[in-house]
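**Student:** Predicted structure and sequence below. I'll ask about it afterward.
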Amino acid sequence: MPARDVSVNWQPISLLEKNKPAPDSDYYTPVFRTHRALRVMESVRTTDGNDGVFKLYWELGRRIHHDGDREFAIGDALTSVGLAGSHAAAFDDEAWDDEIRRRMNVGLELAGDDIGTPIIAFDDVKGDRVALFGPVITRVPESELSLQLWDAFVAMATVPGFWEVKRTRTERPEFGQRP
């Protein structure tokens, strides 16, 4: 986010690990699939770093949210953004699960474990690490409003004793044009 001199370091949060849904629940299948995609992201991180994770995250978002495709081949997603298709092997490799949990727990230790995703963490003006869950929005605001939202988020996160802001959802997400 160049307008605020912010760089993003992508970290995983597994709703499968966090929420532990029963295997026979309707929720299990989609979160198991996204957990498996996180394995692939961690594999990508080892060779392509944060930039590679971002490329794959963005592509997965396009396919899932814009195209409504939840059954695509992970190898196709990798190669479509210039990443090695060999990372697809991580999809079924449980060896990545400890790293996902380790990285996820850093965010949960900062923001608490009774939250969801996203967790945004940053260093405040004193150099202390702060984090909050959110913001959860249904559509991307125009640029100036996005910056106002960011500034408000930073202000809330750095106020000692700030706890929560919440509103009942009244609309479904609108993902806009496929980026």
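**Tutor:** Arrived safely.

**Student:** In the top helix by length along the chain, which of the residues would be classed as buried?
**Tutor:** Taking residue count as the measure and DSSP state H as the definition, the longest helix of the chain comes out as helix 28-61. Neighbour counts using 16 or more other C-beta atoms under 10 Å place 31, 34-45, 48, 52-57, 59-60 of helix 28-61 among the buried residues. In this view, the C-beta of every residue, glycine as well, is placed from N, C-alpha and C.

**Student:** what's the next helix or strand after it in contact with?
**Tutor:** Heading C-terminal from helix 28-61, the first helix or strand you meet, by DSSP states H and E, is helix 74-80. Helix 74-80 is contacted by residues 36-37, 40, 44, 56, 59-60, 63, 84-85, 87-88, 91 when judged by C-beta atoms under 8 Å, 6 or more residues apart in numbering.

**Student:** Check those residues and tell me the two furthest apart.
**Tutor:** The distance between the two most remote of the contacts of helix 74-80 (C-beta to C-beta) is 18.1 Å, for Arg63 and Ala84.

**Student:** Give me the more crowded residue out of those two.
**Tutor:** Set side by side, Arg63 and Ala84 show more neighbours around Arg63, with 19 against 14, by other C-beta atoms under 10 Å.

**Student:** That one touches Asp69, doesn't it?
**Tutor:** Yes - contact status for Arg63 versus Asp69: in contact at 4.9 Å, counting by C-beta atoms under 8 Å.

**Student:** avg pLDDT for the longest helix of the chain?
**Tutor:** Mean pLDDT, helix 28-61: 97.
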